[in-house]
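[1] Kindly generate the corresponding structure for this input.
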Amino acid sequence: MAAGQNTAISPIDAPTGPGAEVLFVEARTPTERELIRRWAATTHPHAQLMEHGDPGLAFQLERGDDVLVVPARVTWLTPADEDDITPTARGNLIALFSPRRPPALLQRWIVRRDPSRATVTVGEPANAAALRAEFRAETGGTSG
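    Got it, this is the predicted structure:
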């Protein structure tokens with residue numbers, strides 16, 4: 001990922017009809033967005049990536065073709081050599097930051113140094129119609 005590169009997930013013209021997918025992305029940082037974008041390009045090449053705050057998300061879920069919603073986020077793993085760290089050093093590191101939620105400024109460095117530390121985790125996919133029905137059943141259909 002080039003420095004200064006725009007990593008905001010922008011809407012694209014997603015396919016409609018059977019098989020249409022929306023990747024519901026939760027990304028805290030530009031590095032996480034880029035990791036999800038790269039992963040999606042190979043595993044869900046025709047899906048539209050949308051974040052939870054995207055104003056077009058409601059439209060995509062209501063468009064009538066029962067789009068498949070696939071939640072995705074980046075999970076940060078602890079270093080493989082964590083057992084080699086002394087308890088005092090581990091305590092000092094944890095006091096600075098959690099290896100499971102590294103600060104945005106360190107994420108790109110971590111991925112370059114050890115790509116296995118960041119993995120895209122996918123939630124259970126569901127059709128928009130099933131999500132709407134579950135929402136109505138749990139809330140009575142109101143969003144307040």
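[2] helices and strands around the strand or helix carrying Arg132, which ones?
    Taking DSSP states H and E as the definition, Arg132 sits inside helix 128-139. Packing contacts for helix 128-139, counted by 3 or more Cβ pairs under 8 Å, 6 or more residues apart in numbering; DSSP states H and E, involve helix 57-62, strand 68-76. All C-beta atoms are positioned from the backbone trio N, CA, C, and that covers glycine.
[3] By mean pLDDT, show me the worst of the ones you listed.
    Note on the helices and strands packed on helix 128-139: lowest mean pLDDT is at helix 57-62, with a mean of 83.
[4] ok, what's across the strand from Thr75?
    Counting by DSSP bridges, Thr75 is bridged to Thr119.
[5] correct me, but it touches Ala118?
    Yes. Checked against Cβ atoms under 8 Å, the pair Thr75 and Ala118 is within contact range at 7.5 Å.
[6] who's more crowded, the two?
    Ranked by neighbour count (other Cβ atoms under 10 Å), Thr75 and Ala118 place Ala118 first, with 18 against 12.
[7] which residues in this protein form strands?
    21-26, 48-51, 68-76, 118-122, 126-127 (DSSP state E).
[8] List the buried residues of the helix holding Arg132.
    Residues Ala128 are the ones in helix 128-139 that count as buried (16 or more other Cβ atoms under 10 Å).
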